[in-house]
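Visitor: build me a model from this:
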Amino acid sequence: MTESLNRIRAFLADREPPTPCLVVDTDLVAARTAAVAAAFPDALIRYAVKANPAPEVLDAVLSAGAGFDVAGTGEIELCLSRGAEAAELAYGNTIKKPSDIAFAYTRGVREFTTDSAGDLANLAEYAPGSLVSIRLLLTGGPDSVTPFGHKFGCEPSVAATLLRQAVDAGLRPGIAFHVGSQQPDPAAWEIGVATAAKVAADAGVGLARLNIGGGFATGHREPVPSLADYAAVIHAALGEHLPGPGPELLLEPGRVIVADAGLIRTEVVLVTTRAATDERRWVYLDVGRYNGMAECENEAVAYRLEPVGVKGPEGPVVLAGPTCDGDDVLYQRTPCALPMSLRAGDLLDIPGTGAYTASYSSVAFNGIEPLRTYCVGRFADAG
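Guide: As a prediction, this is how the structure comes out:
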């Protein structure tokens, strides 16, 4: 990763692009994709496009032999335009219109995920014969940093019914689950595999697919398990709960592939104090929750902060974005320290920000343009 950061910083030093900006090393994207494939050699790898849809990122993923987890018609068109085969796309969004399903099917997509009877009926009508995985709602497992709550998935008894309905409708059945984004506990997947096996047994249905989602964590301030750690737990769970040939395994990683490949450079807009009794300075940046730092909501993801060319003794700070919205505060409870000499016009680097930054950026809140993305590495000029 040091080599990647050096490549990014060399680009920033040479080009001096306006801030804020995200720079992604496509070589590291390709390497991380290959690493996931090596950890799960018998699985289908489908990169979650929503993590970072930059065309150069998709090119790097394709070069490593992976396909894509898509969430809508726009992502389908984007992936096909970069050279992906329709057979390499898995439509993972359970919330879709009949016209979206028909669009995907006419483009050649044959794999979908659902969690409701209404959507399943639409799939049977508009995507006949497709592979359809029923998404489970997992409860009682370890919390992830950014859990999905109850928006997606259905309870096991409902999933069993939907599995039988899928078979009756001529669809190829599978089960899907997701343990939450940035999940630091591999045991969460053991619970998911065990639940999936029980649901399939209760339904009396043989599975064609087991989609275990993504959620593999990337380290920011705290260490996280390695891909090998995750893989060991998952393979052990498969051996225990779904022995034998079993269903084909599919993964939908996003963050673990692209997060560490990206770095945001931002400029300090203002440094000030707000109360005589508070030793913390308020540091306002030109990047905030609405133009790249959405995952700082509830201070869920604690990114590292690296001053550029500013050294010396450090003191505590509150970090905030540039907009006039009172919620645009990045870290008020999370301890942060920056040099006491920090001034307006200084630069900060925020590594580990390749995922869920540019893709979450608003179009023009307060008239601020979306986060610019630049790419370096072998795929920077591809396509």
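
Visitor: residue 365: how many residues sit nearby?
Guide: Neighbour count of residue 365, defined by other CB atoms under 10 Å: 18. (C-beta placed from N, C-alpha, C; glycine too.)

Visitor: surely it and residue 289 touch.
Guide: No: the criterion here is CB atoms under 8 Å, and residue 365 misses it with residue 289 at 9.3 Å.

Visitor: tell me which stretches of the protein form helices.
Guide: Along the chain, counting by DSSP state H, helices occupy 2-15, 26-39, 55-63, 73-81, 98-106, 117-126, 156-168, 187-203, 227-241, 255-258.

Visitor: now render these as CSV, adding mean pLDDT.
Guide: Shown next, in CSV, are these (pLDDT from 0 to 100):
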stretch, mean pLDDT
helix 2-15, 96
helix 26-39, 98
helix 55-63, 98
helix 73-81, 98
helix 98-106, 98
helix 117-126, 98
helix 156-168, 98
helix 187-203, 97
helix 227-241, 97
helix 255-258, 98
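
Visitor: which neighbours do residue 365 and residue 289 share?
Guide: 323, 325 (CB atoms under 8 Å, 6 or more residues apart in numbering).

Visitor: and residue 75, how close does it get to residue 369?
Guide: 22 Å (CB to CB, to the nearest Å).

Visitor: how about the contacts made by residue 187?
Guide: Per CB under 8 Å, 6+ apart, neighbours of residue 187: 141-142, 233.

Visitor: please disregard the earlier target; I meant residue 25.
Guide: Residue 25 neighbours (CB under 8 Å, 6+ apart): 4, 7-8, 261-262, 375-377.

Visitor: residue 20 too?
Guide: Residue 20 makes contacts with 264-267, 285-287, 291-292, 371-372, as judged by CB under 8 Å, 6+ apart.

Visitor: model confidence score at it, please.
Guide: If you check residue 20, the pLDDT there is 98.

Visitor: got phi/psi on it?
Guide: Reported as degrees, to the nearest 10, the phi and psi values for residue 20 are phi -80, psi 150.

Visitor: domains for the protein, by residue range?
Guide: 27-258, 259-376 (automatic domain parsing).

Visitor: out of those domains, which gets nearest to residue 15?
Guide: domain 259-376 (7.5 Å; CB to CB).

Visitor: ok so, going back, which among the contacts of residue 187 count as buried?
Guide: 141, 233 (16 or more other CB atoms under 10 Å).

Visitor: closest one to residue 307 out of the contacts of residue 187, please.
Guide: Closest to residue 307, out of all of the contacts of residue 187 and judged by CB to CB, is residue 142, at 34.4 Å.
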